[in-house]
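Quick one: sequence and predicted model below, then my questions.
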Amino acid sequence: MLERTLRKDAQERRQIILEKAAQLFGQYGVENVSMRQIAREAGVGQGTLYRSYTNKGELCWDLIGESCIQNKDIMERYLLEHSSASLKERLKTVLSYHLESLETHSPLLAAMQNNYNAEEESRASVYKEHYESIHAILVRLLREYKESNASSRIDPVFSADAIMSTMAPEVYLFLKEQRHYTSEEIKDRLFNTYVEPLIL
């Protein structure tokens, strides 16, 4: 009983930390917020905060993880409610949801890159789980295409990996910061490369 209570308290504390961090990041920008500020706003000691998150990059991973779960649920709900829509429309909508999530979290993604360290790799498992869940949705849609186009040589699993690789956080940031594409330009090029060639 005591152990369950402690776990519940830790979970509630974690939620408060995430909520306060998100508010501060939105108000001041990720790079302008210190771990000390987050601890103060969350009403916890710095030691308590650092036991949960050794740096802002780790904290950002958890914020991304919360959003990833919501994003996947939105996609599944859309597909359930629009099962009669064309395959092209469903593919474009799923990709749009994922790109919108990347755009929303661009500052967090940049902070994760700046604060990354080898020990943090386990935190990245949150994104890997999200990768697999979105990959599964894409494979499902691409298999539907292949089943209705017997002559197609498309490999649904490989194609889904290719799409997800193009939408990896580090690639998205590179396209924006180094290639200077806008989010809309990235979306258009993604559609033109992976969706439009399919005769749907």
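Now that the structure is in, tell me what you want to look at.

Start from the N-terminal end of the protein and give the strands.
With DSSP state E as the definition, the chain shows no strands.

so what are the domain limits for it?
Domain assignment of the chain by automatic domain parsing yields the ranges 1-52, 56-195.

mind giving me CSV with those domains and columns for mean pLDDT and mean neighbour count?
C-beta here means a position set from N, CA and C on the backbone, and glycine is covered the same way. Written out in CSV, the entries for these read as follows (pLDDT from 0 to 100; neighbours: other CB atoms under 10 Å):
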stretch, mean pLDDT, mean neighbour count
domain 1-52, 83, 14
domain 56-195, 86, 16
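
Convert stretch 92-109 to CSV, retaining C-alpha atoms only.
Taking Å, rounded to 0.1, in the frame of the first residue of the first chain, the C-alpha atoms of stretch 92-109 are listed here in CSV:
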residue,chain,number,x,y,z
LYS,A,92,-1.8,12.5,-46.5
THR,A,93,-3.8,13.2,-43.4
VAL,A,94,-1.7,10.8,-41.3
LEU,A,95,1.5,12.3,-42.6
SER,A,96,0.2,15.8,-41.9
TYR,A,97,-0.6,14.9,-38.3
HIS,A,98,3.0,13.6,-37.8
LEU,A,99,4.5,16.7,-39.4
GLU,A,100,2.4,19.0,-37.4
SER,A,101,3.6,17.3,-34.2
LEU,A,102,7.2,17.7,-35.4
GLU,A,103,6.6,21.4,-36.1
THR,A,104,5.0,22.0,-32.7
HIS,A,105,7.9,20.4,-31.0
SER,A,106,10.8,21.9,-33.0
PRO,A,107,12.1,23.9,-30.0
LEU,A,108,12.1,20.8,-27.8
LEU,A,109,13.8,18.7,-30.5
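
What lies in contact with that stretch?
Judged by CB atoms under 8 Å, 6 or more residues apart in numbering, the contacts made with stretch 92-109 from elsewhere in the structure are 25, 29-30, 60, 63-64, 67-68, 71, 74-75, 78-79, 82, 85, 134, 137-138, 141, 163, 167, 169-170, 172-173, 176, 183, 186-187, 190-191, 194-195.

rerun at 7 Å
Around stretch 92-109, the neighbours that count as contacts under CB atoms under 7 Å, 6 or more residues apart in numbering are 25, 29-30, 60, 63-64, 67, 71, 74-75, 78, 134, 137-138, 167, 169, 172-173, 183, 186-187, 190-191, 195.
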